[in-house]
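**Q** I'd like to go over a predicted model; first the sequence, then the structure.
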Amino acid sequence: MLEEFIKDRYQRPIISLRITLTNRCNVNCLYCHHDGMITSKEEMTADELYTICKIAKSIGVKKIRLSGGEPLIRKDIVEVIDKIASLDFDDISMTTNGILLEKYAEDLKNAGLDRVNVSLDTLNRETYEYITKKDYLESAKAGILKAVEVGLYPVKINMVIMKDINQNEIKEMFKFCKENNMVLQLIELIESENCDDDKFSADYHYKLDMVEEKLSEMADDVRERKLMQGRKKYYIDGGEIEIVRPVDNTNFCAKCSRLRITPDGKIKPCLLRNDNLVELISHVRSGESEEKLKEIFIKGINEREPFNS
């Protein structure tokens, strides 16, 4: 199966392309790292995104993931999905905070979006406001339920676990997900010893080892996602839950199969680096040939190397 994919110099297949559509967001979460992107106000048009995805498809990319910031802030988001979906990828997904999802879910589904991951760390209103600095919990929940209703399946809930903030809410969130036929993903903060930029991670890091041990004991079935760093899926009493470990580890790097595009149109070979970006959008805007754009993509792929080895 993996022979179908283009590979980097370390024989890692490039299965998916993750595009950050915007750095703009309607919340201000405590732990946000902007998906590893340098802050930029520039954004690509729907037609430019189509061209980039067309080249990605031509070199063997099978899946597209759209993220932000908050992608639903873009007024042309349905058009973006429609254009990308016309290229017939195996899977088109989106990461969103869900606040605008009730408004857009049906149109996104009809345009060709397959599924959504929704960032939701708590079902408690006060905790939600503390984490996001906004009072949008009910809007987010309504958006999530609308996504389930229209069939953006599977809806996955991304819950970042933080010490002394929400580590005691896992059971309640799992119940919410199970009752609404959603998958819960528990995300562990990166642990840091720095006291400056990463002070939040250092103060609020909560190891999920004991949580995973308990899940293993409770599970009716356990399956491994081999193309997703070997992380495990736990099936418990009709519900599904995953543990997502921090990305600063050798296993994540060894099995990384994703290439990224910044909102201002650069190829980002590694989530954890910004010193090896490859300029792409200026070549798209100058009307260079598909063959030339393909060469630039391959250059970006050849820049990939494990950050942790």
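**A** Happy to help now that I have it. Numbers count the residues shown, from 1 in each chain.

**Q** make it CA atoms for all contacts and neighbour counts henceforth
**A** Fine.

**Q** mind checking the SS state of the residue most central in space within the chain?
**A** Centroid-nearest residue in the chain: T95, 5.2 Å away (criterion: C-alpha atoms, centre = their mean). At T95 the chain is in strand, as set by DSSP: H, G, I helix; E, B strand; the rest coil.

**Q** That one and R115 touch, don't they?
**A** No: assessed by C-alpha atoms under 8 Å, T95 is found out of contact with R115, at 9.0 Å.

**Q** In the stretch 51-200 of the chain, where is pLDDT below threshold?
**A** 191-198 (pLDDT under 70).

**Q** Mind jotting down where the helices sit in it?
**A** Along the stretch 51-200 of the chain, counting by DSSP state H, counting those that start in this stretch, helices occupy 77-85, 101-111, 125-132, 137-150, 170-179, 199-204.

**Q** For E240, which of those helices is the nearest?
**A** Checking the helices of the stretch 51-200 of the chain against E240 by C-alpha to C-alpha gives helix 170-179 as the closest, at 7.3 Å.

**Q** Show me the contact partners of that closest one.
**A** 122-123, 157, 183-184, 238-241 (C-alpha atoms under 8 Å, 6 or more residues apart in numbering).

**Q** Tell me the one of these nearest Y204?
**A** For the contacts of helix 170-179, the nearest to Y204 is T122 (15.2 Å; C-alpha to C-alpha).

**Q** How about the contacts made by the closest one?
**A** 128, 159, 166, 169, 173.

**Q** ok, now with 6 Å
**A** Y128 (C-alpha atoms under 6 Å, 6 or more residues apart in numbering).

**Q** And it, how far from K133?
**A** 13 Å (C-alpha to C-alpha, to the nearest Å).

**Q** One more: S93?
**A** S93 is 26 Å from K133, by C-alpha to C-alpha.

**Q** Show me which of those two is the more surrounded one.
**A** Between S93 and K133, S93 has the larger neighbour count (other C-alpha atoms under 10 Å), namely 21 against 15.

**Q** Pass me the low-pLDDT residue ranges in the stretch 201-309 of the chain, would you?
**A** Using pLDDT under 70, the stretch 201-309 of the chain drops low at 226-230, 247-251, 309.

**Q** so where do the strands sit in it?
**A** For the stretch 201-309 of the chain, applying DSSP state E, counting those that start in this stretch gives strands covering 221-225, 231-236, 239-244, 258-261, 266-268, 278-279.

**Q** Can you lay out those as JSON lines showing mean neighbour count and distance to S67?
**A** Shown next, in JSON lines, are these (neighbours: other C-alpha atoms under 10 Å; distance: least, C-alpha to C-alpha, whole Å):
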{"stretch": "strand 221-225", "mean neighbour count": "13", "distance to S67": "22"}
{"stretch": "strand 231-236", "mean neighbour count": "20", "distance to S67": "21"}
{"stretch": "strand 239-244", "mean neighbour count": "22", "distance to S67": "17"}
{"stretch": "strand 258-261", "mean neighbour count": "24", "distance to S67": "10"}
{"stretch": "strand 266-268", "mean neighbour count": "24", "distance to S67": "14"}
{"stretch": "strand 278-279", "mean neighbour count": "18", "distance to S67": "19"}
